[in-house]
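*Asks:* Okay, structure incoming, though there's no sequence with it:
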């Protein structure tokens, strides 16, 4: 009866009900959408209703309002906040008093006082381990009051306390900064930007993955292209551990990242309105590196003042690799690259999204040796990425990389591959599971001729780099004419 009344009033007031997954069944039955915090906010923004009722906690309603400023947003329970710090106090006290009932506690309602009493009487120091210490900053992004209260709790519990023998915290984000200072400056901190001596523990090392590939009879080159890419000063190859494990378990190379994260989370950040952000994302999808300044990041998920802050967060979330020597970021592997493509394809990036979708047609045209269709597809990709300065072979290479993005599903891609008497611009070698696909040697020319590109491949014997390859081989020459502003293409089968 109550549910029927809610449904009637919901229709009458033109509101939608969003319910977090932890709500009871009786609430979920009347909700329009069920899910996690950000997903609900997105659904609320897409809804055509005039108002939103959020069945969750305060920060979720605040996020709804940020994404739907024109709508009225109600929080079903106005007092629903974040009790995390209070729970830590209560749970810690209960366990302490059960373990040490004989201590004369000065104030047995205060966790810090109680720990000091135990240390004073029994000389027993404490080791504090907190897993996912940053959960409150990730799950309660908008609740600044709860975050500050939590940091104060940790500072009061850990900083300059004689009873603390060791404090060890794990998480995704570095410790929150206020101004230029860390809120908990007594820690040695290791992160995806500077992992120090813990680099080999960030994920699986190359040696560990090679052993797993031998044990499970997996193709090491395939595993490397999909799950490698994180690189640190003392560990040049670090692999995504969960993805490697699933790959071995299920005997299949595919995207396992999206089983723990959704591309909507990535989409939210790359859609932010910072000059140059979209251009740089496209450059990285095409395989380029992008300079970044990580110093201004405040180590939370809501304070973004520049593009660099967004890119730095994506490093910590694992969506970007970081080169500490060159101070650059890059997309580490095929698994993560597919997440970017998924995010771009549903974002309001218009022509760019279409260019990625058209790439499969261009690849098919190469296989079927239809050079006019290839040239037209590249022309469209150039038009759709015209915000990139188009003035040399490097810019042309960028456009070709986007136009042939679909090739990464079938090929291992090499840029500037040494062979014969020089370096081939782009070489596409079929993955082992697609032996029927022809290898591609692509040479690019700027204001010359596509036929001249084919001649250069032959004269400089670029195909020597594929001597061990036994399958079919296509030579692809592409030229951009500056005067006519037209692309041309020549495709020729190579006979060894």
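*Replies:* Cool, got the structure. This is a predicted model, so every value here is computed, not measured.

*Asks:* Which residue ranges of the stretch 351-496 of the chain form strands?
*Replies:* For the stretch 351-496 of the chain, strands defined by DSSP state E, counting those that start in this stretch occupy the ranges 411-419, 422-430, 439-446, 473-481, 486-493.

*Asks:* Nearest approach to residue 368 belongs to which of those?
*Replies:* strand 486-493 (9.2 Å; Cβ to Cβ). The C-beta positions use only the backbone N, C-alpha and C, and glycine is treated the same way.

*Asks:* Name the residues of stretch 47-62 that are buried.
*Replies:* Residues 47, 49, 51-62 are the ones in stretch 47-62 that count as buried (16 or more other Cβ atoms under 10 Å).

*Asks:* Tell me the first helix or strand C-terminal of the lowest-mean-pLDDT helix or strand in the chain.
*Replies:* Lowest by mean pLDDT, DSSP states H and E among the helices and strands of the chain is strand 181-182, with a mean of 54. Downstream of strand 181-182, the next assigned helix or strand under DSSP states H and E is strand 204-205.

*Asks:* what's the model's confidence in that next one, averaged?
*Replies:* For strand 204-205, mean pLDDT is 95.

*Asks:* Counting by contacts, list what it packs against.
*Replies:* Packed against strand 204-205 by the contact rule (3 or more Cβ pairs under 8 Å, 6 or more residues apart in numbering; DSSP states H and E) you find strand 238-239.

*Asks:* Next SSE downstream of the strand it packs on?
*Replies:* Remark: after strand 238-239, the chain's next helix or strand is helix 241-250, criterion DSSP H and E.

*Asks:* what residues does that following helix touch?
*Replies:* Contact with helix 241-250 is made by 203-204, 209, 212, 215-216, 218, 223, 226-227, 253-254, 256-257, 259-260, 335, as judged by Cβ atoms under 8 Å, 6 or more residues apart in numbering.

*Asks:* Would you mind listing which of those are buried?
*Replies:* Buried among the contacts of helix 241-250 by 16+ other Cβ under 10 Å: 203-204, 209, 212, 218, 223, 226-227, 253, 256-257, 335.

*Asks:* Helices of the stretch 101-250 of the chain, residue ranges please.
*Replies:* Remark: helices assigned in the stretch 101-250 of the chain by DSSP state H, counting those that start in this stretch are 111-122, 135-139, 144-158, 206-216, 220-227, 241-250.

*Asks:* Of those, which stretch is the most buried?
*Replies:* Most buried of these, by mean neighbour count (mean count of other Cβ atoms under 10 Å): helix 220-227, with a mean of 20.

*Asks:* helices or strands up against that one?
*Replies:* When contacts are defined as 3+ Cβ pairs under 8 Å, 6+ apart, helix 220-227 sits against helix 206-216, strand 238-239, helix 241-250, helix 334-345.

*Asks:* What are the contacting residues of that helix?
*Replies:* The contact list for helix 220-227, computed with Cβ under 8 Å, 6+ apart, reads 209-210, 213, 237, 239-240, 243-244, 247, 253, 333-335, 412, 431-433.

*Asks:* same deal with stretch 57-76?
*Replies:* 15, 18, 20, 37-38, 40-42, 44-45, 49-56, 78, 80-82, 140-143, 146.

*Asks:* okay, the buried residues of stretch 47-62 in JSON lines with distance to residue 451 next?
*Replies:* As requested, those are exported to JSON lines (distance: Cβ to Cβ, whole Å):
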{"residue": "47", "distance to residue 451": "56"}
{"residue": "49", "distance to residue 451": "60"}
{"residue": "51", "distance to residue 451": "64"}
{"residue": "52", "distance to residue 451": "61"}
{"residue": "53", "distance to residue 451": "66"}
{"residue": "54", "distance to residue 451": "63"}
{"residue": "55", "distance to residue 451": "66"}
{"residue": "56", "distance to residue 451": "63"}
{"residue": "57", "distance to residue 451": "66"}
{"residue": "58", "distance to residue 451": "66"}
{"residue": "59", "distance to residue 451": "62"}
{"residue": "60", "distance to residue 451": "61"}
{"residue": "61", "distance to residue 451": "64"}
{"residue": "62", "distance to residue 451": "61"}
